[in-house]
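Participant: coordinates only, no sequence provided:
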């Protein structure tokens, strides 16, 4: 037993330091600071912010750590970093906000890769609807789309494990993986009067490369500009596409944000500003205060006739752009009801490569309305069926072109 006793003494020191780190985060939030030196933790009292609780009792936390140290049957599983990440994840998860999430270093790296447009996985944006993990949108030409995954599908199981209670970070980490490997998904899909049907799919992971925009010309003077994501490289790609539209003298524009799950808020301002000469694109609301967010730059497409294609996979930044265009009567929305994500997250990098996404505000349409949990209703509703897709037809795009003529 001497080896075990020595191990537990070392583990006790590690746990004490990790607990102090967690306590430091909490006390820092409450208006305290912690300074560290080896073998000693000193609490430095500061005047706490007004309206905060100054009493702190971590006796339960200490007791649980002690019980794990003394009673858990497999000490090798009491790894310091895992204890810290588990404690912080629990702290964040207690908010019951699926978009306020702690990321381990590996999860944070994967998230950044997806925003940069390259990662290995199945090619689907995930989110929550009424606390159910769902597919916000499969990416175009992705393994997920080719296997029949659809926006709005509930993800019930991943590789035979229920997703109930999962965080967004857990879901992303479980579904992504090495190129060439496979993941099994059990999906729940609403099918009219038949209710929810369960679908089992096996999807081979690939390297996913996602452009921000793509420009096509379905008719000579009508541009079809598809916006896939609001990523890091959006500004340059967007500016290039706008220049091409101007050079060709387009007489109408279809802006396609179907199955666009969103991204950076400033990307929504860049895109939205292109269609207005003045006024607000979106309103941010935090702590009861509203901040007006106007044009990012002088718009170059302020006069071109405009139709926006939307569906249930259009979320977040896509809804900001589409919503501004609709309520300010700059153009019409065609397609289906949008997803309804009306909150804004700030992405923070932490020590060791970990990350924290915090919901810092919700956003409102320029007229002050919230779409959170509701989405946007199209001005002209047009269904896109499985039969349409299999025949290579797009009645939503067809209707948009018709409205522009």
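Facilitator: Yep, that arrived. Note that the structure is a prediction, hence the values are computed from the model and not measured.
Participant: ok, residue 264 - contacts?
Facilitator: 115, 230-232, 234, 317 (CB atoms under 8 Å, 6 or more residues apart in numbering). All C-beta atoms are positioned from the backbone trio N, CA, C, and that covers glycine.
Participant: redo those residues as CSV? Include secondary structure, neighbour count and pLDDT.
Facilitator: Shown next, in CSV, are these (DSSP: H, G, I helix; E, B strand; the rest coil; neighbours: other CB atoms under 10 Å; pLDDT from 0 to 100):
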residue, secondary structure, neighbour count, pLDDT
115, helix, 17, 74
230, strand, 27, 90
231, coil, 18, 85
232, coil, 15, 82
234, helix, 24, 92
317, helix, 30, 95
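Participant: can I get those in TSV with distance to residue 167?
Facilitator: Below are the contacts of residue 264 laid out as TSV (distance: CB to CB, whole Å):
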residue	distance to residue 167
115	18
230	22
231	23
232	24
234	27
317	22
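Participant: farthest-apart pair in those residues, please.
Facilitator: 232 and 317 (13.1 Å; CB to CB).
Participant: read off the pLDDT value for residue 324.
Facilitator: You'll see residue 324 listed with a pLDDT of 98.
Participant: surely residue 170 forms part of a helix?
Facilitator: Yes - assigned with DSSP: H, G, I helix; E, B strand; the rest coil, residue 170 falls within a helix.
Participant: run a quick neighbour tally on it.
Facilitator: 17 (other CB atoms under 10 Å).
Participant: can you give me the helices for this protein?
Facilitator: Secondary structure of the chain by DSSP state H: the helices cover 2-30, 59-71, 80-93, 105-116, 143-146, 168-175, 234-248, 265-273, 317-327, 386-390, 395-404.
Participant: wait, which of those is closest to residue 126?
Facilitator: Among those, helix 168-175 sits nearest to residue 126 (CB to CB), with 5.3 Å.
Participant: so what touches that closest one?
Facilitator: By CB under 8 Å, 6+ apart, helix 168-175 touches 98-99, 101-104, 106-107, 110-111, 121-122, 124, 126-128, 133, 155, 158-159, 161, 163, 166, 183, 185.
Participant: any idea how far residue 150 lies from residue 62?
Facilitator: Counting by CB to CB, to the nearest Å, the gap from residue 150 to residue 62 is 48 Å.
Participant: tell me where the stretch 101-250 of the chain has strands.
Facilitator: Taking DSSP state E, counting those that start in this stretch as the criterion, the stretch 101-250 of the chain carries its strands at 101-103, 118-121, 124-129, 132-138, 154-158, 161-162, 182-190, 196-204, 206-209, 213-219, 222-227.
Participant: got phi/psi on residue 148?
Facilitator: Per-residue torsions, residue 148: phi 100, psi 10 (degrees, to the nearest 10).
Participant: neighbours around the nearest residue to it once chain neighbours are set aside, how many?
Facilitator: Nearest in space to residue 148, with sequence neighbours left out and distances taken as CB to CB, 6 or more residues apart in numbering, is residue 201 at 6.7 Å. Residues lying near residue 201 (other CB under 10 Å) number 16.
Participant: tell me what residue 201 is bridged to.
Facilitator: Residue 201 has these beta-bridge partners by DSSP bridges: residue 185.
Participant: which of the contacts of helix 168-175 count as buried?
Facilitator: 98-99, 101-104, 107, 110-111, 121-122, 124, 126-128, 133, 155, 158, 163, 166, 183, 185 (16 or more other CB atoms under 10 Å).
Participant: quick revisit: pLDDT score assigned to the residue nearest to residue 148?
Facilitator: pLDDT, the model's per-residue confidence, is 97 for residue 201.
Participant: ok, it to residue 375 distance?
Facilitator: Counting by CB to CB, the separation of residue 201 from residue 375 is 26 Å.
Participant: same check on residue 274?
Facilitator: Taking CB to CB as the measure, residue 274 falls 23 Å from residue 375.
Participant: other residues contacting stretch 282-292?
Facilitator: Contacts for stretch 282-292 (CB under 8 Å, 6+ apart): 265, 268-269, 272, 280, 293, 320, 323-324, 344, 360-366, 368.
Participant: now with 10 Å, please.
Facilitator: With CB atoms under 10 Å, 6 or more residues apart in numbering as the test, stretch 282-292 has contacts from 265, 268-269, 272, 279-281, 293-294, 317, 319-321, 323-324, 342-344, 359-370.
Participant: what average pLDDT does it get?
Facilitator: 94.
Participant: list the buried residues for it?
Facilitator: 282-285.
Participant: would a markdown table of those residues with distance to residue 193 be doable?
Facilitator: Output for those, formatted as a markdown table (distance: CB to CB, whole Å):
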| residue | distance to residue 193 |
| --- | --- |
| 282 | 38 |
| 283 | 40 |
| 284 | 41 |
| 285 | 39 |
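Participant: closest one of the residues you listed to residue 352?
Facilitator: Looking across the buried residues of stretch 282-292 and measuring by CB to CB, the closest to residue 352 is residue 284, at 30.5 Å.
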